[in-house]
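K.L.:
I would like the atomic coordinates for the input below:
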Amino acid sequence: MAKKLVIKVTAGADAPERCSQAFTVAAVAVASGVAVSLWLTGESSWFALPGRAAEFELPHAAPLPELIEGILAGGGAITVCTQCAARRDIEEQDLIKGARIAGAQVFVSEIMPDGVQALVY
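P.N.:
So this is what the prediction gives:
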């Protein structure tokens with residue numbers, strides 16, 4: 001099993017099933033004891049802002065706020081892509097507690113070590 005799982009979410013409310021699947025896999029992995037780094041890109045960037053995840057609805061899916069809470073409570077990291085944040089005028093101080101903004105260099109440094117599995121949704 002991978003020692004770390006890095007998940008990049010490339011969709012938000014524009015592709016709800018893909019978005020929900022990424023958050024669900026991240027939360028399940030954290031609950032299973034896997035180190036998780038969840039990267040929010042594109043429209044999923046909005047879910048790093050307070051209250052925005054509560055606006056997301058998908059029948060038969062776990063609520064995003066609960067998934068995010070589980071990820072962070074379990075020691076998972078949530079990162080918003082630097083360029084995606086800039087295009088949406090999102091700044092570090094706007095984010096939920098525990099989230100950060102970082103760029104491609106940090107993403108690459110997270111996915112390259114042995115024992116890391118990267119998934120893109």
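
K.L.:
which secondary structure state is assigned to the spatially most central residue of the chain?
P.N.:
A centroid search over the chain (C-alpha atoms, centre = their mean) returns Leu38, at 3.4 Å, as the residue closest to the centre. For Leu38, the secondary structure call by DSSP: H, G, I helix; E, B strand; the rest coil comes out as strand.

K.L.:
which ones are touching it?
P.N.:
7, 9, 22-23, 26, 71, 76-79 (C-beta atoms under 8 Å, 6 or more residues apart in numbering). Every C-beta, even on glycine, is put in place using the N, C-alpha and C of the backbone.

K.L.:
how distant is the longest helix anywhere in the chain from the center of its chain?
P.N.:
Secondary structure assigned by DSSP state H gives helix 16-31 as the longest helix of the chain. Relative to its parent chain, helix 16-31 has a centroid offset of 9 Å by C-alpha atoms, centre = their mean, to the nearest Å.

K.L.:
run through who's touching that helix.
P.N.:
Under the criterion C-beta under 8 Å, 6+ apart, residues 5, 7-13, 36, 38, 43-44, 47, 56-58, 61-62, 64, 66-68, 70-71, 74-76, 119, 121 lie in contact with helix 16-31.

K.L.:
narrow these to those that are buried.
P.N.:
Among those, those buried by neighbour count (16 or more other C-beta atoms under 10 Å) are 5, 7-13, 36, 38, 43-44, 47, 56, 61, 64, 67-68, 70-71, 74, 76, 119, 121.

K.L.:
give me the below-cutoff pLDDT ranges for the protein.
P.N.:
The chain contains residues with pLDDT under 70 at 1-2.
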